[in-house]
Every structure is written in structure tokens, then in C-alpha cells.
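**Q** Got a predicted model here, sequence first, then my questions.
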Amino acid sequence: MTSASLPSVDGVLDAERVAATVDSIARVQERDGAIPWEPARHVDVWNHVEAAMALVVGGRLDAARRAYDWVLGLQRFDGSWPTAVVEGVVTDDAGDANFSAYLAVGVWHHWLVERDEAFVRRCWPAVRAGLDWVTALQLPFGGMPWQECWVDGAPSHVHEDGALLAGSSSIYQALRAGVAIAELLGRPQPGWELAGGRLGHAIRRHPGEFADKSTFAMDWYYPVLGGAVRGAEGRALLESRWDDFVVPGLGVRCVHTNPWVTGAESAELVMALDAVGEHDRALRLLGDLQHLRDDDGRYATGYVYDDGVRWPPEHTTFTAGAVVLAADALGARHGRATPGSGIMRGDSLAPPFPELSPHCCATTAG
């Protein structure tokens, strides 16, 4: 892909800088296709897929193919993926529901950019098995549990912490991507649509039934980023805790009680803002987080502003991937983006699911 084909955002990131960040991800990729957080550190499927999406944005299609091949090869008999792998060795065998759903988003994104139906068909069995496993775990109130623990090499029990709002919101997006893939291939999945309707209702109407992680920025903006809460309701949600999490000129606090801004959360909030039409705020925030950028295109994970130091001392591929996707999203306003730039806006996903209320008020339209 030439620099003219890469996304760019005037005054913030030109195409050459985006290319350098994509290259920084490719340099970390392991021989078997895995993309760890940093060299020799662990890989998780969600952040791996996010990095693979950035490779597609940057035209690094061979690297992206190897990344997706790695995901397909790691899936287990029940449709789940292990939570963490280090240099080919599983170090946490619990099945994470959010991680195991996210392949659908990456595959749909690849289709939007490349229109490669053979790739989609090759990935379909894994997407289907992953989303079937996730939806089978759905809790009575509609949320999705965090993890299913494994004992002695086999599934054992659902993690006692229950459902996480951020993870469930990401799964909502994955279900819409999965339904879009299913429709493309002529393989309708009404069970996923029903699960998505119940999940959307839980996110919008019963956030208090999820585990309380309200000190974390992800619980604040992910209902918007994942697509369950949009429009005026989405803008109101982002406004409601803006001052708790956003530090002008620096980015987004990961935890509102700590003086620590992080690049990934900042880039994701950029995309959430873009999804509800808050383009000026999104552009300003993308500019603010550039203090985390190194000359070689890498991004530091975070910055402790009370001490004036980057912490931890690392440059993570998931942070770089989120910045690339944010640049693609904002570049679309000026025609300098890939065909996958609307993946977080949901432009091409299946329509929002009709809202299904499993145990309370009447069903309403989503």
C-alpha cells in the first residue's frame, strides 16, 4: 500500500507516521504470526486481532494473514481461546468471552478493506464456533460473563466476578459483525441476533447488574464504542463522566482516581466520540495523546503526569493498533481512510439488534 492509500489526519498524523506505527507492530510479530504486547511478552487474542486490523489498514497483508492464521490455529475444541500465550506456551488457559468473540470484528474489518471472500470463508468456522461458545454463556439478565475457568485441561466453571460492562459491550459489536459475516455467506444465525438483543437491553437499561468497575474509563465509554448506546444517549453518556477521565492536553485516565493517562484508552475514546458525531473533541484528543509517540512510530502505554514519567516502561502493540484505527476513523471525514474506517462506527455492521428484555419491562425497538 502506498502512502497515498494510508489514512491521515491533518495536523496530527500524516500517512508516513501512520505507516511507521504499522511497521512498529509488524516488527514485534513472532515467527508463528502471534503479536505479543511487546517482544517476548504474552499474547491475548483480543489485542492480537486489534493489531492485525492495524496491519490491514497499513497494507501489511502478509503479516495480517499470518496473524489470523495464528488465531485459527489456537482455537480450542469448545470454540474458546486461552486468555494468554507466551512464545507458543499457554500461560492462562481460562476462556475469556470478550477475547473469543473479537475475531468476528477482525474478519469483518478484513472483508471491508480487501473484499476477499475466500479469507472470510476460511475464518467462518472459527468465528461461528467462537460466537456459539460466547452466546451459550449468556447470563439470565443478558450480560456476558467474563471468563470460563479451566481445570486439568477442560472447562470447569464461570468466573465468579460475573459480567463486565466493557467486555459485554465489545461482545455486542462482535455479534453484529458475526451476523454481518453470516449474512454475507448466506448462513443466518438467529440465535446470535436474539443474544444481541438481550445483551443490548442489559447494557442500556441495566448497567448496574454488571460487576462494578466504574473507576475504569473502559466501563464509561465502551457502551458507546461497542455500539449498544449511540446518538443523543451516547453523547450524554460520554459527557456524564468527561471531567472524571479526560485530562486536557494529555489524554484519558485509565482509572479516574489515578494520575495516569493511557494511549489505548485515549485512542478508543477518540473512536467512541467519532461514532456519535463529536468530531472536534475526537480530533483534539487524538492530538493530545501524541506525547506518547516515539520517533520510530511506537506508542508508550501511559504517562504518570504527577511525576512526569512514562509508565510502565513499555511500548505496546495494542496501543499502536488503537491509534492506527483511530486515525483511520478520523481520516474518513476527508477521504483519507481505508474502506474499513467505519468498523467502530458500525456503518457496515448488521443493524442494531431489536431490544429484548428477558425479565423486566416490555420489549422496545433498539
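**A** Now that the structure is in, tell me what you want to look at.
**Q** which other residues reach the top strand by length along the chain?
**A** Using DSSP state E, we find that the single longest strand of the chain is strand 89-96. Contacts to strand 89-96, defined as C-beta atoms under 8 Å, 6 or more residues apart in numbering, come from residues 42, 44-46, 76, 78, 80-85, 133, 146-150, 153, 155, 159, 167. To be clear about C-beta, it is placed using only N, CA and C from the backbone, and glycine gets the same treatment.
**Q** can you check stretch 276-289 too?
**A** With C-beta under 8 Å, 6+ apart as the test, stretch 276-289 has contacts from 9, 11-13, 224, 230-231, 234-235, 238, 246, 248-252, 261, 263, 266-267, 269-271, 273-274, 299, 323, 326-327, 329-330, 333.
**Q** Next secondary structure after the longest strand of the chain?
**A** helix 97-101 (DSSP states H and E).
**Q** any idea which helix or strand comes after that next one?
**A** That would be, after helix 97-101 and using DSSP H and E, helix 103-114.
**Q** Show residues contacting that following helix.
**A** Residues outside helix 103-114 that contact it (C-beta under 8 Å, 6+ apart) are 45, 49-50, 52-53, 56-57, 61, 64, 68, 71, 116-117, 119-120, 123-124, 126-127, 130-131, 173-175, 177-178, 180-181, 184, 338-340, 342-343, 348-349.
**Q** Which residue ranges of this protein form strands?
**A** Using DSSP E, the strands of the chain run over residues 42-43, 82-86, 89-96, 147-151, 154-158, 246-247, 251-253, 260-262, 302-304, 309-310.
**Q** Least confident of these, on average?
**A** The stretch with the lowest mean pLDDT among the strands of the chain is strand 154-158, at a mean of 80.
**Q** Residues touching that strand, excluding its own?
**A** With C-beta under 8 Å, 6+ apart as the test, strand 154-158 has contacts from Asp78, Ser80, Gly95, Leu137, Pro145, Gln147, Glu148, Cys149, Trp150, Val151.
**Q** Report the buried residues of it.
**A** Taking 16 or more other C-beta atoms under 10 Å as the neighbour-count basis, strand 154-158 is seen to contain the buried residues Pro155, Val158.
**Q** Direction included, what does that strand pair against?
**A** Note on strand 154-158: by DSSP bridges, its sheet partners are strand 147-151 (antiparallel).
**Q** by how many degrees do the partner strand and strand 82-86 diverge?
**A** Put simply, strand 147-151 runs at 70 degrees to strand 82-86, going by axes from the mean of the first three to the mean of the last three C-alpha atoms, to 10 degrees.
**Q** in strand 147-151, what's buried?
**A** For strand 147-151, by 16+ other C-beta under 10 Å, it's Gln147, Glu148, Trp150.
**Q** List the contacts of Gly302.
**A** Residues near Gly302 by C-beta under 8 Å, 6+ apart: Cys254, Trp260, Val261, Thr262, Gly263, Leu292, Arg310, Trp311, Pro312.
**Q** try it again with 10 Å
**A** Contact analysis of Gly302 by C-beta atoms under 10 Å, 6 or more residues apart in numbering lists 251-254, 258, 260-266, 292, 309-312, 314, 316, 319.
**Q** Which of those are buried, as a PyMOL select command?
**A** Buried members of the contacts of Gly302, defined by 16+ other C-beta under 10 Å, are picked up in PyMOL with:
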select buried, resi 251+252+253+254+260+261+262+263+264+265+266+292+310+316+319
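**Q** What pairs with the longest strand of the chain, parallel or antiparallel?
**A** Strand 89-96 has its sheet partners listed here by DSSP bridges as strand 82-86 (antiparallel), strand 147-151 (antiparallel).
**Q** Now, the contacts of stretch 276-289 that are in helices?
**A** Using DSSP state H, the members of the contacts of stretch 276-289 that fall in helices are 224, 231, 234-235, 238, 263, 266-267, 269-271, 273-274, 323, 326-327, 329-330.
**Q** Low-confidence ranges, the stretch 51-200 of the chain, go.
**A** Residue ranges of the stretch 51-200 of the chain with pLDDT under 70: 160.
**Q** show me the contacts for Ile256.
**A** Just to correct that, residue 256 is His rather than Ile. Ser214, Thr215, Phe216, Ala217, Trp220, Arg241, Asp243, Asp244, Phe245, Val246.
**Q** all helices of the stretch 101-250 of the chain, in order?
**A** All helices of the stretch 101-250 of the chain, identified by DSSP state H, counting those that start in this stretch, fall at 103-114, 117-136, 165-184, 190-205, 217-225, 231-240, 242-245.
**Q** Check which helices and strands the third one is in contact with.
**A** For helix 165-184, the helices and strands in contact under the criterion 3 or more C-beta pairs under 10 Å, 6 or more residues apart in numbering; DSSP states H and E are helix 45-57, helix 97-101, helix 103-114, helix 117-136, helix 190-205, helix 217-225.
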